[in-house]
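[1] Show me the folded form of this:
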Amino acid sequence: MYQNEAQQVMRVCLLAGKIMLMSGAETYRVEDTMSRIAAAAGISGSHSFVTPTAIIFSLDGAELTKLIRISERSTDLRKVDQVNSISRQISNRGITLKEAYGQLKKIETEEEAYPLWLQFVAAAISSGCFVIIFLGGWIDFLPACIAGGLGFLSTHYIHRFVKVRFFAEFVASLVIGITAYILVHAGIGRELDKIIIGSVMPLVPGLAITNALRDLMAGHLFSGVTKGAEAFLTSFAIGSGIAIILTIF
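    Sure thing, here's the model as predicted:
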């Protein structure tokens, strides 16, 4: 394979893997997608090592090995699905690598699928619904919506200025605890514990826990343990913030 062709294959594979990893995909899924793209391009042997913070990729028959760092990770399953769709099109010879690269660059630069106000509304309503799921009363629905919505906004804005996600989640849990306490003592809510439980649910790292278990079961021990530790730290930050509020008040 010519050097420029190998470089094109590597660019497409790395960009696809980067988008998927930054959007919350499991590491084994990222490796599988990159291998399928390389195989569809006529490369029988490709090697990848994916962790939550880096991707190392190389091709047989070409003196090429590249590493890219992943500094930001979020949850955007729409982008994961779009990259999977492009991978399938490449495998079916529906598009060329050049066209695939252009589509991937467009996906990479896209903004979030939903505006902030809609995410806020979803977080607020889901917080209230979780109160009902945990056998709370309808009187606590509105307080949970308010506390959960404010907690979500706190996480979003604090993370913009402080790039330590655990600190943002810790502060958000403080905001939720204080808001819930104020609303209950103002007579708007009744059960403080149910309101807090429902309000913190949008912050709970459910996807990270699921991905950690799936990576462990797929044999990706390093990534599984890493994501499990990340989920533990997030849970610890949320629990610590709530514990501080309950201790003070």
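
[2] Flag every buried residue along stretch 235-246.
    Neighbour counts using 16 or more other Cβ atoms under 10 Å place Ser235, Ala237, Ile238, Gly241, Ile242, Ile245 of stretch 235-246 among the buried residues. All C-beta atoms are positioned from the backbone trio N, CA, C, and that covers glycine.

[3] which other residues reach stretch 15-29?
    The contact list for stretch 15-29 (Cβ atoms under 8 Å, 6 or more residues apart in numbering) reads 30-31, 33-34, 37, 48, 50-52, 55, 57, 68, 70, 72-80, 83, 86-87, 101, 104-105, 107-108, 207, 211, 214-215, 218-220, 223.

[4] Select only the buried ones of those in ChimeraX?
    To isolate the buried members of those in ChimeraX, using 16+ other Cβ under 10 Å:
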select :30,31,33,34,37,48,50,51,52,55,57,73,75,76,79,80,83,86,87,101,104,107,211,214,215,218,220,223
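
[5] Just the ones of the contacts of stretch 15-29 in helices?
    Counting by DSSP state H, the part of the contacts of stretch 15-29 found in helices is 30-31, 33-34, 37, 77-80, 83, 86-87, 101, 104-105, 107-108, 207, 211, 214-215, 223.

[6] about what we covered before: could you export the buried residues of stretch 235-246 as JSON lines, including secondary structure, pLDDT and distance to Leu135?
    JSON lines is the format used below for those (DSSP: H, G, I helix; E, B strand; the rest coil; pLDDT from 0 to 100; distance: Cβ to Cβ, whole Å):
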{"residue": "Ser235", "secondary structure": "helix", "pLDDT": "91", "distance to Leu135": "22"}
{"residue": "Ala237", "secondary structure": "helix", "pLDDT": "92", "distance to Leu135": "26"}
{"residue": "Ile238", "secondary structure": "helix", "pLDDT": "93", "distance to Leu135": "21"}
{"residue": "Gly241", "secondary structure": "helix", "pLDDT": "93", "distance to Leu135": "24"}
{"residue": "Ile242", "secondary structure": "helix", "pLDDT": "93", "distance to Leu135": "19"}
{"residue": "Ile245", "secondary structure": "helix", "pLDDT": "90", "distance to Leu135": "22"}
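
[7] and of the residues you listed, the nearest to Trp138?
    Within these, the smallest distance to Trp138 is 22.9 Å, found for Ile242 (Cβ to Cβ).

[8] Who are the contact partners of Ser154?
    Ser154 makes contact with Ala168, Val171, Ala172, Val175, according to Cβ under 8 Å, 6+ apart.

[9] Oh, that last question was meant for Asp140, not what I typed.
    Val131, Gly189, Arg190, Glu191, Lys194, Ile195, Gly198.

[10] Most neighbours among those, please name it.
    In terms of neighbours by other Cβ atoms under 10 Å, the contacts of Asp140 top out with Ile195 at 35 neighbours.

[11] That one belongs to a helix?
    Yes - assessed by DSSP: H, G, I helix; E, B strand; the rest coil, Ile195 belongs to a helix.

[12] quick one: it from Ile68, how far?
    Going from Ile195 to Ile68 by Cβ to Cβ, to the nearest Å gives 43 Å.
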